[in-house]
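> Return atomic coordinates for the entry below.
(one chain, ligands or ions: 1)
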Amino acid sequence: MRIAKVLGIAGSPRRNGNTEFLLREFLRGAETSGLETELIILCKLNLSPCTSCDSCQKDGICVIRDDMQMMYKKLTEARFIVFASPIYFCGVSAQLKAFIDRCQSLWSKKYILRQPILGPEKVRRKGFFISTAGTPGNKKVFAGAIATVKAIFHVLEIEYTGELLYPGMEKKDAILTHPTEMQEAYSLGLSLGKDQ
Ligand SMILES: Cc1cc2nc3c(=O)[nH]c(=O)nc-3n(C[C@H](O)[C@H](O)[C@H](O)COP(=O)(O)O)c2cc1C
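Here you go, the predicted structure:
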């Protein structure tokens with residue numbers, strides 16, 4: 001049996017910040033449950049935003065030659081996908097938004113060219129969203145980011161399965177003083193093993 005792959009996408013431009021710590025805990029849990037994991041730090045990639053050139057509407061291929069080219073395969077092959085992003089002005093980070101927008105070529109392939117974007121194996125793909133925000137208390141601040149993540153999961157045929165949303169995390173390592181939240185991230189990752 002092939003070991004299912006868990007792809008973690010870290011969207012914060014701030015290294016070793018709240019969302020990266022949570023994502024690492026999630027992946028540690030997934031690995032403990034026997035799954036293969038891969039962590040991608042978006043701010044380390046060379047990633048340009050979509051220019052709306054519409055070239056992908058002809059062949060489903062993005063003309064921009066950068067690190068996104070290696071990401072398409074990873075995105076369409078992973079069984080579990082986890083997006084982690086801080087809330088920036090009620091949305092996801094610019095890094096994650098650029099990454100999501102570059103999936104427009106997959107959107108074109110699917111909805112304009114009517115071609116499959118996934119392989120023939122009909123596996124249920126599951127997706128998770130991890131986010132933190134500075135504002136304390138209210139989880140409404142996550143609504144815009146959740147809508148964006150759900151929209152791209154829908155295109156990529158990923159079921160929005162779970163979320164970890166923590167407000168009141170302004171400082172870079174604030175999450176480290178919240179062991180319960182770190183434990184929640186680990187436990188959610190660990191629970192993926194049951195899905196095998
Ligand atoms: C450019 C920018 C915009 C932000 N916008 C918001 C916001 O709209 N609402 C909010 O509650 N926090 C906002 N924050 C705070 C971050 O969401 C918060 O510090 C988060 O925990 C950072 O996660 P990270 O450590 O993984 O980068 C903003 C921070 C920055 C730098």
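
> Which residue does the chain have closest to the ligand?
Residue nearest to the ligand within the chain: G17 (2.4 Å; CB to the nearest ligand atom). All C-beta spots, glycine's among them, are computed from the backbone N, C-alpha and C.

> my guess is that residue meets D173, correct?
Yes - with contact defined as CB atoms under 8 Å, G17 counts as touching D173 (7.3 Å).

> before we move on, the earlier item: could you report the separation of the residue of the chain closest to the ligand from F80?
22 Å (CB to CB, to the nearest Å).

> Contacts only, for the closest residue to the residue of the chain closest to the ligand other than its chain neighbours.
Distances taken as CB to CB, 6 or more residues apart in numbering place K172 nearest to G17, at 5.0 Å, with adjacent residues excluded. K172 makes contact with 14, 16-18, according to CB atoms under 8 Å, 6 or more residues apart in numbering.

> Backbone dihedrals for the residue of the chain positioned farthest from its centre, please?
Here the centre of the chain is the reference, and by CA atoms, centre = their mean the most remote residue is K58, at 26.9 Å. Note on K58: backbone dihedrals following degrees, to the nearest 10 are phi -90, psi -40.

> Thanks a lot, catch you later.
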